[in-house]
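Chemist: I would like to see how this sequence folds:
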Amino acid sequence: MTPSPFRSRQFWLPHPLFSLFLALLWLLLVNDFSVAHALLGLALGVAIPFVTHAFWAEEAKIRRPLPLLRYLLVLLVDILRSNLVVALRILRPARHLQPGFFLYPLALDDDFAITILASTISLTPGTVSIHHDAKANTLLVHALHLEDEAEAIATIRERYEQPLEEIFR
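Modeler: Alright, predicted model coming up:
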């Protein structure tokens, strides 16, 4: 007798850490911890990966979890800091913003790692990744205030891309 695929944990919970992340993210977004919201967050955390599992190209292979924790801490600090910088730039009476686009040359070749990098750039206030050119292996990035393109590229490479290489290689 062959076991039913419906009985396996992998079928019902294909990405357990992602499910937990979604449930916690839901609680943070609603900013109200109650049993109802916790249950709804858990339901979303199970339903979203279950429904989208067929579209996931492959499992992410995190080689080194400790650098991932360091990466998340750096990202959190950068998000908080850049929120303050963007708010100050916008609230100043004389806005000396120099918006601009630049091409970021990627060293990463893993699609999942590139997606994480593009998302990281977009999560950091003041920058948005707009397009990934797979042939040229570049990201088109828009910055709210771009003084030095080379410095922006060096910052992204040092703070985000190199740690992602360490995490996924």
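Chemist: for E158, which three-state class applies?
Modeler: helix (DSSP: H, G, I helix; E, B strand; the rest coil).
Chemist: how far away is it from A107?
Modeler: Remark: distance between E158 and A107 (C-beta to C-beta, to the nearest Å) = 12 Å. The way it works is simple: take the backbone N, C-alpha and C, and place the C-beta from them, glycine included.
Chemist: V51: what secondary structure?
Modeler: helix.
Chemist: burial count for it?
Modeler: 9 (other C-beta atoms under 10 Å).
Chemist: against L20, how distant is it?
Modeler: 17 Å.
Chemist: show me where the protein has its helices.
Modeler: Listed in chain order, the helices of the chain (DSSP state H) span residues 9-12, 16-30, 35-52, 65-91, 111-123, 149-156, 162-168.
Chemist: turn the ones you listed into a markdown table, columns for distance to L140 and mean pLDDT.
Modeler: A markdown table is the format used below for the helices of the chain (distance: least, C-beta to C-beta, whole Å; pLDDT from 0 to 100):
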| stretch | distance to L140 | mean pLDDT |
| --- | --- | --- |
| helix 9-12 | 37 | 58 |
| helix 16-30 | 27 | 84 |
| helix 35-52 | 26 | 88 |
| helix 65-91 | 19 | 88 |
| helix 111-123 | 10 | 91 |
| helix 149-156 | 12 | 96 |
| helix 162-168 | 18 | 90 |
